[in-house]
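1. Sequence plus predicted model, see below.
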Amino acid sequence: MLTRKTSDLIVVGAGVVGAACAYYAARAGLDVTVIDRGPVAGGTTGAGEGNLLVSDKEPGPELDLAFLSLKLWGELGDLLPHDMEYENKGGLVVASSPEGLRALGGFAAKQREAGVEAKEVPADRLHDLEPHLAPGLAGGYHYPQDSQVQPAVAAARLLRAADVRGRVHLRLGEEVTAVLTDADGGVRGVRTPTGEVHAPHVVNAAGTWGGDLARLAGADLPVLPRRGFVLVTEPLPRVVRHKVYAADYVADVASDSAALQTSGVVECTPAGPVLIGASRERVGYDRTLSVEVLSRLAAQAVQLFPVLSGVRAMRSYTGFRPYLPDHLPAIGPDPRVPGLLHACGHEGAGIGLAPGTGLLIASMVAGHELPVDASPFRPDRFPAAVHAAPGEEPPHGA
């Protein structure tokens, strides 16, 4: 028998962005239903490294949202359990050549004007920050504001904290098969295999599958998957103190290329394993293990930290970053479908930007003042003609 239930807000997606939307909406006094076809953090969040970065962001709306989110992550780090592994450890970007260092310097100068702390580190002082770094690097920049969390645990802790007053109803293992609208085209809820769930607002926090959910509602959002691999080593002593990455990582993040790109990114976790990335490529939803990519990541990690050459890689995992053509997320109401809001398309920055996104969505629904200008994130900013490339449509049932 079909069931019907009423909430103020339905959030589709139980990753860290959806969890943040639920958390701040519940704090604003709203009753929230969170629906996901899988478990908490079963998509992109569970395949993330947990980066909370300003070091890779140029001045503009994404950096503004990152500043807000860093502040909120700091508050959450004090509030939520320590197993979330919130750590303000800072980042270190290194250059292998004088030309690369000059490019980093120009980027850092623009960032400093926008409020980012970026401190030049000459070559002979790099080992003060990272004793195991390879010799011969030209220098780098230290970003003390960069932080990290354990993303899957963070999502779970946000959902649990949101439900303190019984305002959040979690429905896992239920795929949204339809977005329900009324005669005027406005949202009135969603349908799952167990029945209809009613609410005047639906938030699309479906991550890489956000375009699929938008289409169910009759809207167009050109979210595409950008695949990445992460290598995980055996537990080690703290051989890497910061998030350390090569200068070309910033260019890879901003690139529109569908081709394979890899750049060395190395960081320790409080639990001991070292995480090694980062790769980007647009290959649709292909999860096939790529030995080529993993070999590149391992080689680039050893170039940065030769001490890792004898360390065992215990496993790897694959995820899909939700890519939008202008590298900005879609956050806010969709004027084409009244009652539909989007909170997706963050690419590789979703974990870092989750709290700011959640607070924006909650403020919009509750009618509160917005903490930052949300106009650059308008979901209807893309031409309707933008479509997924062959093979990049979500697989059936996604």
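-> Received the coordinates, thanks.

2. Just the pLDDT for Thr6.
-> On the pLDDT scale, Thr6 is placed at 84.

3. Surely it touches His198?
-> Yes. Between Thr6 and His198 there is a contact under CB atoms under 8 Å: 4.8 Å. The way it works is simple: take the backbone N, C-alpha and C, and place the C-beta from them, glycine included.

4. More neighbours: which of these two?
-> Ranked by neighbour count (other CB atoms under 10 Å), Thr6 and His198 place His198 first, with 16 against 12.

5. Any idea what the more buried one is bridged to?
-> Taking DSSP bridges as the rule, His198 bridges to Thr6, Gly189.

6. repeat for Val202
-> Beta bridges link Val202 to Ile10, Leu340, judged by DSSP bridges.

7. How many residues are close by it?
-> A count of neighbours around Val202, defined by other CB under 10 Å, yields 31.

8. Please identify the buried residues of stretch 377-387?
-> By 16 or more other CB atoms under 10 Å, the buried positions in stretch 377-387 come out as 377-380, 382.

9. Contacts only, for the closest residue to Lys119 other than its chain neighbours.
-> The spatially closest residue to Lys119, leaving aside those adjacent along the chain, is His142, at 4.6 Å (CB to CB, 6 or more residues apart in numbering). Each residue near His142 by CB atoms under 8 Å, 6 or more residues apart in numbering is listed here: 90-92, 118-119, 121, 129, 242.

10. Among the residues you listed, find me the one that's closest to Val202.
-> Minimum distance to Val202 across those is 35.9 Å, recorded for Gly91 (CB to CB).

11. Surely the closest one touches Leu53?
-> Yes. Using CB under 8 Å, Gly91 makes contact with Leu53 at a distance of 6.5 Å.

12. So which of the two has more stuff around it?
-> Gly91 (26 against 22).

13. Who is that one paired with across the strands?
-> Tyr143, Lys243.

14. So for it, what's the pLDDT?
-> So Gly91 comes in at 98 (pLDDT).

15. So it versus Pro329, what's the distance?
-> From Gly91 across to Pro329, the span is 21 Å (CB to CB, to the nearest Å).

16. cool, Leu129 as well?
-> Counting by CB to CB - Leu129 and Pro329 are separated by 31 Å.

17. between those two, which one's more packed in?
-> Ranked by neighbour count (other CB under 10 Å), Leu129 and Pro329 place Pro329 first, with 29 against 17.

18. how about the strands of the stretch 251-398 of the chain, start to end?
-> With DSSP state E, counting those that start in this stretch, the ranges of strands along the stretch 251-398 of the chain come out as 261-268, 274-280, 313-323, 330-333, 340-344.

19. what are the pairing partners of the second one, and which direction each?
-> Which is strand 274-280. Under the criterion DSSP bridges, strand 274-280 sits next to strand 224-233 (antiparallel), strand 261-268 (antiparallel) in its sheet.

20. residues making contact with it?
-> 49, 226-233, 236, 239-240, 245, 249, 252-253, 255, 260-269, 293, 296-298, 301, 308, 311, 313, 321, 348.

21. 7 Å instead, please
-> Strand 274-280 is contacted from outside by 49, 226, 228-233, 236, 240, 249, 252, 260-263, 265-269, 293, 297-298, 301, 308, using CB atoms under 7 Å, 6 or more residues apart in numbering.

22. Buried subset of the residues you listed, written for ChimeraX?
-> Those of those that count as buried under 16+ other CB under 10 Å are selected in ChimeraX with:
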select :49,226,228,229,230,231,232,233,236,240,249,252,261,262,263,265,266,267,268,269,293,297,298,301,308
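
23. Not counting its neighbours along the chain, what's nearest the most centrally placed residue in the chain?
-> Taking CA atoms, centre = their mean as the criterion, Gly350 is the residue nearest the geometric centre of the chain, at 1.8 Å. Leaving aside its chain neighbours, Gly350 sits nearest to Val17 (5.4 Å; criterion: CB to CB, 6+ apart).

24. Just give me the neighbour total for the one you found.
-> Val17 has 35 neighbouring residues, counting by other CB under 10 Å.

25. how much space between the closest residue to Leu133 other than its chain neighbours and Thr44?
-> Closest residue in space to Leu133, ignoring its immediate chain neighbours: Leu126 at 5.4 Å, by CB to CB, 6+ apart. Leu126 is 32 Å from Thr44, where distance means CB to CB.

26. Comparing those two, which residue is more hemmed in?
-> Neighbour count, other CB under 10 Å: between Leu126 and Thr44, Thr44 has more, with 28 against 21.

27. Go ahead and confirm that one touches Thr208.
-> Yes. Judged on CB atoms under 7 Å, Thr44 makes contact with Thr208 at a distance of 5.6 Å.

28. For the nearest residue to Val307 once chain neighbours are set aside, give its distance to Leu308.
-> Counting by CB to CB, 6+ apart, Val307 lies nearest to His132, which is 4.6 Å off, once chain neighbours are set aside. Counting by CB to CB, the gap from His132 to Leu308 is 8 Å.

29. still on that earlier bit, what touches both of Thr44 and Thr208?
-> Overlap of the contact sets of Thr44 and Thr208 (by CB under 7 Å, 6+ apart) consists of 320, 322.

30. returning to that earlier point: want to throw the strands paired with strand 274-280 into JSON lines with mean pLDDT and distance to Val164?
-> Below are the strands paired with strand 274-280 laid out as JSON lines (pLDDT from 0 to 100; distance: least, CB to CB, whole Å):
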{"stretch": "strand 224-233", "mean pLDDT": "95", "distance to Val164": "33"}
{"stretch": "strand 261-268", "mean pLDDT": "92", "distance to Val164": "32"}
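
31. Any chance of CSV for those strands, columns distance to Val203?
-> CSV is the format used below for the strands paired with strand 274-280 (distance: least, CB to CB, whole Å):
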stretch, distance to Val203
strand 224-233, 20
strand 261-268, 30
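
32. can you tell me which of those comes nearest to His368?
-> Ranking these by distance to His368, with CB to CB as the measure, places strand 224-233 first at 32.3 Å.

33. Can you name the residues that contact Val16?
-> Val16 is in contact with 41, 45, 151, 154-155, 350-351, 354, counting by CB under 7 Å, 6+ apart.

34. And the contacts of stretch 167-179?
-> Residues from elsewhere that reach stretch 167-179 (CB under 7 Å, 6+ apart): 7, 12, 14, 22, 26, 30-40, 159, 162, 187, 190-194, 202, 213, 216-217, 397.

35. No further questions, thank you.
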